[in-house]
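Trainee: Next one to model:
(2 chains)
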Amino acid sequence: MTIPVKIEHLFKTYTRRRLLGKNWEKPVLKDVSLTLEENHVLGLVGESGCGKSTLCKVLLGIEKPTSGLVTANGKDVARLSKSEFKKLRRVMQVVYQDPYSSLDPRMNVRQILSEPLDIHGLKKDRRERNEFLKELLASVGLSETQLERYPHEFSGGQRQRICIARALTLDPKILVADEPVSALDVSVQAQILNLLKEIKKSRRLSVLFVTHDFAVARFLCDDIAVMYRGRIVERAPAEDLFTRPQHPYTQALLSAVPSVRAAGLVPAAAEPSREYPERENWACPFAARCSHAQPACADTPFELKEVLPHHACACCVLPFKKTKSKPEV
Amino acid sequence: MINDRIVKRIYTNKTSLFGLVIVAFFFLVALLAPVLAPVQNPNNPYQLPQKSYQIAPQPPSAQNWFGTTEQQYDLYYGVVWGTRLAFKIGVTVTFFAFLIGLLVGGAAAYFGGKTDELLMRLTDVVFAVPSLVLAMVIAAMLGPDIKNMMIALTAVAWPSYARLVRGDILSVKQRDYVTAARTLGARGPRVLLRHILPNAIYPSVVVASLDIGYVVLTAASLSFLGLGAQPGTADWGQLIAMARNWVLGTPGHPFAYWYTVAAPGGAIFMFVLGWNLLGDAFRDILDPRQA
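Mentor: Now for the predicted structure:
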């Protein structure tokens, strides 16, 4: 059996050629390794700009990796022939963040859902296709009467249902969900999350779920990887991560989640100690904002180590003293 | 279904209906020109009939409904056949400018990099010179003739389309539905034709409809300056050029020869107005969000 998604030592640097002077370079992903297990939901959590979406693009083959290996369904995504690439589309599909920009405003639902079938030459018989589209719409909670409508006639939640339906037309095994609910209303978020959970179960999908919302991740994910500035800083089974967060950044994120019950964690980034002012170029990417920073953070090579069973963390000052006092409000 | 929408849109908006009526009226006049003003010179229908060689214009009469201009050219005939010429100039110039702009802008956006840089700097060069001045230079170099004038107008009109098309393609290219089509397995041509162009082109279509009026206005300026139609041609700009000596009237009677500019000037004004209003209507119609 092939592992749905395996990413090893992936680097991605965006470069822009300049006419004069040095080329502009921006490293976005640094040494990222991840595995998505069959029928699992892997959550990828991190703040804006940390490289989550870039990772998705590389995985989908829209961007080429600078170095490293990305395999989907056992195939190297960066080195596929055109026909293999097209074949992979049927295995791996994507749902985007913004349901307003991910549907072509000039196509009605029937056209949107028929396009993948047309591209791959499937379900050519008219009646068969109609039946298929009807069932597909029903499976995402829409009715066939909405087939002839245009995207602007739908609400955000309904649009996201159409996007999910489009991703499912080719009956994929892997679904990449790039913040699929972050643009939606909280009440609608819950509906879409339930839908995703249900679909994942009924279709036995393996899902890479990108989010910046821990509550969402906790609801849906089996495993969670936390990203910071292009690196994975902590990776653990979901429950483990929430009960025993190890990395100061994860702790900071968790403590920032609004909750009726206080988490009992002091935000690690709330007050970076002033002892070491120049921390921008330290080996640890989080050092500049970390209140646990030590001189060791400056030159200990960055490494994701297993600190608990199945639980990897990339903090070099572990185990540090955990503050259990409640944060002062 | 789209036709229903267009009809509904135009009827619900008074000003766009007004624009449509004006343009439709001019179109009818252009179409029925041989009926409204029977051709005098079968070899060249755009040749104005000349009653005599008397210099001073004559006011409107039963024989010359809009009066005559300098050297007794009939203004009515000029305005009617000028309408046909205006459509010819406006539509042809806009069509070719749009086509060139689409190709240049499309190539720049599609290939990017050095091609983009090269093509866009070229458009910048054309843009940098005031368009009327550049059109005058080109028209003067090619010699005064309607065809040359149309070439000159096309040469200055295409850069705005190139820029618009390039910008819109680049913006549409970034949208998620284009990436989504790619991840569904769609290849370049399909993405370009089904998703990028239909969504990127309509701002240019709106500009084109506004431009038809503007092109006719610029053509009139060139004719007025003697760089377009020859004297005696049924061209609105030329009619106004022939009124040049009479616009100021006689001492004490500034409006003595008002009719020399009234009919051709009014025609130009209404023509440009009509296309402008219609352009606004197109903008609304072509936006799928406004059903």
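
Trainee: alpha carbons only for contacts and neighbour counts from here, please
Mentor: Fine.

Trainee: Span of stretch B:226-235 from start to end?
Mentor: End-to-end distance of stretch B:226-235 (C-alpha to C-alpha, to the nearest Å): 12 Å.

Trainee: Whichever residue of the stretch 51-200 of chain A sits closest to chain B: how many residues sit nearby?
Mentor: Nearest residue of the stretch 51-200 of chain A to chain B: A:Ser102, at 4.0 Å (C-alpha to the nearest C-alpha). Counted by other C-alpha atoms under 10 Å in any protein chain shown, the residues lying close to A:Ser102 total 22.

Trainee: Spell out which residues of chain A are next to chain B.
Mentor: Taking C-alpha under 8 Å from any C-alpha of the partner chain as the measure of proximity, chain A contacts chain B at A:60, A:62, A:85-86, A:89-90, A:93-94, A:96, A:98, A:101-106, A:116, A:119-120, A:152, A:167.

Trainee: Narrow those to just the buried residues.
Mentor: A:60, A:85-86, A:89-90, A:93-94, A:96, A:98, A:101-106, A:116, A:120, A:152, A:167 (16 or more other C-alpha atoms under 10 Å in any protein chain shown).

Trainee: Sort out for me which of those are in helices.
Mentor: Per DSSP state H, helices hold the following members of those: A:Leu60, A:Phe85, A:Lys86, A:Arg89, A:Pro116, A:His120, A:Ala167.

Trainee: okay, these in JSON lines with distance to B:Ala152 and pLDDT next?
Mentor: Formatted as JSON lines, those follow (distance: C-alpha to C-alpha, whole Å; pLDDT from 0 to 100):
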{"residue": "A:Leu60", "distance to B:Ala152": "48", "pLDDT": "88"}
{"residue": "A:Phe85", "distance to B:Ala152": "48", "pLDDT": "87"}
{"residue": "A:Lys86", "distance to B:Ala152": "48", "pLDDT": "87"}
{"residue": "A:Arg89", "distance to B:Ala152": "50", "pLDDT": "88"}
{"residue": "A:Pro116", "distance to B:Ala152": "46", "pLDDT": "90"}
{"residue": "A:His120", "distance to B:Ala152": "48", "pLDDT": "89"}
{"residue": "A:Ala167", "distance to B:Ala152": "51", "pLDDT": "92"}
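
Trainee: ok so, going back, contact partners for the residue of the stretch 51-200 of chain A closest to chain B?
Mentor: By C-alpha atoms under 8 Å, 6 or more residues apart in numbering or on different chains, the contact set of A:Ser102 is A:Tyr96, A:Cys163, B:Arg175, B:Asp176, B:Tyr177, B:Val178, B:Ala180.

Trainee: My understanding was that the second one contacts A:Gln93; is that so?
Mentor: No. With contacts counted by C-alpha atoms under 8 Å, A:Cys163 stays clear of A:Gln93, the gap being 10.4 Å.

Trainee: Pull the distance from the lengthiest helix in chain B to the chain's centre.
Mentor: In chain B, ranked by residue count with DSSP H as the criterion, the top helix is helix B:75-111. From the chain centre to the centre of helix B:75-111 is a distance of 6 Å (C-alpha atoms, centre = their mean, to the nearest Å).

Trainee: May I ask which two of the contacts of A:Ser102 are separated the most?
Mentor: Greatest spatial distance in the contacts of A:Ser102: A:Cys163 and B:Arg175, 14.1 Å, computed using C-alpha to C-alpha.

Trainee: Give me the more crowded residue out of these two.
Mentor: Neighbours per residue (other C-alpha under 10 Å) separate A:Cys163 from B:Arg175, with A:Cys163 holding more: 26 against 17.
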